[in-house]
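S.K.: Kindly return the folded structure for what I paste below:
(2 chains)
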Amino acid sequence: QKEVEQDPGPLSVPEGAIVSLNCTYSNSAFQYFMWYRQYSRKGPELLMYTYSSGNKEDGRFTAQVDKSSKYISLFIRDSQPSDSATYLCAFFVAGSARQLTFGSGTQLTVLP
Amino acid sequence: EAQVTQNPRYLITVTGKKLTVTCSQNMNHEYMSWYRQDPGLGLRQIYYSMNVEVTDKGDVPEGYKVSRKEKRNFPLILESPSPNQTSLYFCASSTSPTLYEQYFGPGTRLTVT
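M.R.: Residues are numbered from 1 along each chain as shown, chains lettered A, B, ... in the order given. I've put the predicted structure just below:
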């Protein structure tokens, strides 16, 4: 079983749609839960992070973590063409000073 | 402007010809990492460095070398590249000991024929 599973997509939605991106994980030691966004021909950039179960909101973006089910989600409200990118979930164990564990990424296209 | 730079951005080479990909950051970050990104596999860490002269292996270090002689630079060396090292490579840096927020360079697309 892979440590992190992420639906690769591609996902194509019309402008204004609500987008749901999801990852499941198997490592109970993961403590930080992150979403990175990667535009074409660019490096990933941190979009949101959280370290507890529940929801965290930042503008049109909401990150949701369910530790009991080992499941994280990113919701994008009122999606815009500028949201078109690959979204990577990432996980981290505090104090490991070693590495982030990334999902394989979901490619999202928001059509105008 | 705070940034991580990588050079070259694109490189096509032949099997066995030594190459170096440079990485430099201007944010005075202590932590730097190298990742490779492959379809379906996501980003996998190759090597990381906690500080000058302190480096350690990530998940996929075979066939790679690194050095950290200065804080700002963290070159990735492929002494004898092979076709299975064809990939998209990212350098990243971080100031946080938790490392969850990393700043990535623009990537280097390497093709080994």
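
S.K.: Tell me where the model's unsure across the chain.
M.R.: Just so you know, I chose chain A. For chain A, residues meeting the criterion pLDDT under 70 lie at A:95-99.

S.K.: Please refer instead to chain B.
M.R.: Scanning chain B for pLDDT under 70 picks out B:97-99.

S.K.: Which residues of it lie near chain A?
M.R.: B:4, B:31, B:33, B:39-45, B:48, B:50, B:56, B:58-59, B:90, B:92, B:97-107 (Cβ under 8 Å from any Cβ of the partner chain). Placement of C-beta: from N, CA and C, glycine included.

S.K.: residue boundaries of the helices in chain A?
M.R.: Assigned by DSSP state H, the helices in chain A number zero.

S.K.: With adjacent residues omitted, what lies nearest to the residue of it found nearest chain B?
M.R.: Of all residues in chain A, the one sitting closest to chain B is residue A:43 (3.0 Å; Cβ to the nearest Cβ). On the basis of Cβ to Cβ, 6 or more residues apart in numbering or on different chains, the spatially nearest residue to residue A:43 that is not a chain neighbour turns out to be residue B:104, at 3.0 Å.

S.K.: My read is that that neighbour contacts residue A:39, right?
M.R.: No - if you go by Cβ atoms under 8 Å, residue B:104 and residue A:39 don't touch, sitting 11.2 Å apart.

S.K.: Which one of these two is surrounded by more residues?
M.R.: Neighbours were counted for residue B:104 and for residue A:39 using other Cβ atoms under 10 Å in any protein chain shown; residue B:104 has more, 21 against 12.

S.K.: Would you mind giving the secondary structure of the residue most central in space within chain B?
M.R.: Nearest to the geometric centre of chain B sits residue B:34, at 2.9 Å (Cα atoms, centre = their mean). Under DSSP: H, G, I helix; E, B strand; the rest coil, residue B:34 falls in the strand class.

S.K.: excluding its backbone neighbours, what's nearest it?
M.R.: Nearest one to residue B:34, counting by Cβ to Cβ, 6+ apart, is residue B:46 at 4.3 Å.

S.K.: What residue in chain B comes nearest to chain A?
M.R.: For chain B, Cβ to the nearest Cβ, closest residue to chain A: residue B:104, 3.0 Å.

S.K.: what pairs with that residue across the strands?
M.R.: residue B:92 (DSSP bridges).

S.K.: Tell me which residues touch it, please.
M.R.: Listed by Cβ atoms under 8 Å, 6 or more residues apart in numbering or on different chains, the contact partners of residue B:104 are A:43, A:44, A:45, B:4, B:90, B:91, B:92.
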